[in-house]
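> Please work out how this folds:
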Amino acid sequence: MQTPPPDQQSYGNAYGAPPPPPAEKTATGLDANIAAAISYIWIVGLIFFFLEKENKFIRFHAMQSILFGVLWSVLMIALVFIGMIFTLIGAAIAATAGDVAGSLFSILVYLVWLLIWLVPLGLFVCLILTAIKAYQGKWAKLPIIGNMAEKIVSK
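All right, here's what the predicted structure looks like:
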């Protein structure tokens, strides 16, 4: 490590950056950023929302996680239901209308089932990114859900 000039204070690293601020503790004893990040595990978010009474940062991320989990569940149930309906309709069309109509509808069925695999992947990436932002100490608000979580926490 280089010695800093006499008029410059050394903070213990090569770049002379100030040390990070002390981490804020929570009711659970964890650092706020760690608690907010792991609250994106759906059940943990539910626990943190009810345990943490003071820290709005953790409560916000926990509530956003809860709302995101509910949205994820509803969306997946709807997509699977639509996929099953389309599959049944496609089978009926293929049996009665012939190969051309059945094969055209089967392409639509495959697209719906592809969505059933791609949507959770996109939701999972979104979940990971918001957990990373929470760990960095940022208030990462998801569209619509973030505003709802903020209103619930501010009550």
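
> And the nearest residue to Ser65 once chain neighbours are set aside, which helix or strand is it part of?
Leaving out its chain neighbours, the residue that sits closest to Ser65 by Cβ to Cβ, 6 or more residues apart in numbering is Gly45, at 3.3 Å. All C-beta spots, glycine's among them, are computed from the backbone N, C-alpha and C. Taking DSSP states H and E as the definition, Gly45 sits inside helix 42-51.

> State the mean pLDDT of that helix.
Helix 42-51 carries an average pLDDT of 91.

> burial of the closest residue to Gln64 other than its chain neighbours, as a residue count?
Nearest residue to Gln64, sequence neighbours excluded (Cβ to Cβ, 6+ apart): Ala149, at 4.0 Å. Per other Cβ atoms under 10 Å, the neighbour tally for Ala149 reads 23.

> Wasn't Ala149 part of a helix?
Yes: assessed with DSSP: H, G, I helix; E, B strand; the rest coil, Ala149 lies in a helix.

> Could you look up the SS state of the closest residue to Gly146 other than its chain neighbours?
Once flanking residues are discounted, Gly146 sits nearest to Gln64: 5.9 Å by Cβ to Cβ, 6+ apart. Applying three-state DSSP to Gln64 yields a three-state assignment of helix.
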